[in-house]
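>>> coordinates for the following, if possible.
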Amino acid sequence: MSILSMRLDEELERQLTMEAERERKSRSEVVREALAAYLRDREQRRFQDEIVRAMRSIDPDEARAMAEEALPLDNESMNLAEPAARYTVKRKSRVRKT
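Now for the predicted structure:
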């Protein structure tokens with residue numbers, strides 16, 4: 001494992017120390033977990049932004065239909081992550097263009 005030195009202002013160091021004590025973890029472990037979560041969130045945001053760009057490049061009705069089809073899968077994944085959360089969309093019947 002590599003070593004990283006960083007400077008923290010006094011307030012951030014105090015918060016880090018308090019969190020480490022509450023969690024009964026080392027400050028290094030708290031920072032590693034926070035950094036890993038931050039990097040995961042950034043990667044997910046980039047992925048979502050890429051999807052948004054792609055969806056904006058297609059017909060709005062087609063984009064809406066695709067989003068509605070994906071919603072049950074999104075609900076399923078959210079249910080695994082946050083069991084109390086539920087998001088729904090009122091479905092409209094689709095008319096396919098030929």
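>>> buried stuff in the longest helix seen in the chain?
If you go by DSSP state H, the chain has its longest helix at helix 27-56. Along helix 27-56, the positions that meet the burial threshold by neighbour count (16 or more other C-beta atoms under 10 Å) are 30-31. For the C-beta atoms, the positions are set from N, CA and C on the backbone; glycine is no exception.
>>> which is the next helix or strand following it?
Taking DSSP states H and E as the definition, the helix or strand that follows helix 27-56 towards the C-terminus is helix 60-81.
>>> relative to helix 27-56, how tilted is that following helix?
160 degrees (axes from the mean of the first three to the mean of the last three C-alpha atoms, to 10 degrees).
>>> quick one: average pLDDT of helix 60-81?
For helix 60-81, the mean per-residue pLDDT is 78.
>>> list the buried residues in that helix.
For helix 60-81, burial by neighbour count (16+ other C-beta under 10 Å) applies to residue 65.
>>> only alpha carbons, please: show it as PDB.
What follows is the C-alpha trace of helix 60-81 in PDB, where atoms were taken according to Å, rounded to 0.1, in the frame of the first residue of the first chain:
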ATOM      1  CA  PRO A  60     -37.500  13.000 -27.500                       C
ATOM      2  CA  ASP A  61     -40.400  10.400 -27.700                       C
ATOM      3  CA  GLU A  62     -38.000   7.600 -28.300                       C
ATOM      4  CA  ALA A  63     -35.800   8.800 -25.400                       C
ATOM      5  CA  ARG A  64     -38.800   8.900 -23.100                       C
ATOM      6  CA  ALA A  65     -39.900   5.400 -24.100                       C
ATOM      7  CA  MET A  66     -36.400   4.100 -23.500                       C
ATOM      8  CA  ALA A  67     -36.300   5.800 -20.100                       C
ATOM      9  CA  GLU A  68     -39.700   4.300 -19.200                       C
ATOM     10  CA  GLU A  69     -38.500   0.800 -20.100                       C
ATOM     11  CA  ALA A  70     -35.400   1.300 -18.000                       C
ATOM     12  CA  LEU A  71     -37.300   2.500 -14.900                       C
ATOM     13  CA  PRO A  72     -38.200  -0.900 -13.500                       C
ATOM     14  CA  LEU A  73     -34.500  -1.900 -13.600                       C
ATOM     15  CA  ASP A  74     -33.600   1.300 -11.900                       C
ATOM     16  CA  ASN A  75     -36.200   0.700  -9.300                       C
ATOM     17  CA  GLU A  76     -34.900  -2.800  -8.700                       C
ATOM     18  CA  SER A  77     -31.300  -1.500  -8.200                       C
ATOM     19  CA  MET A  78     -32.500   1.300  -5.900                       C
ATOM     20  CA  ASN A  79     -34.500  -1.200  -3.900                       C
ATOM     21  CA  LEU A  80     -31.400  -3.200  -3.300                       C
ATOM     22  CA  ALA A  81     -29.500  -0.100  -2.300                       C
END
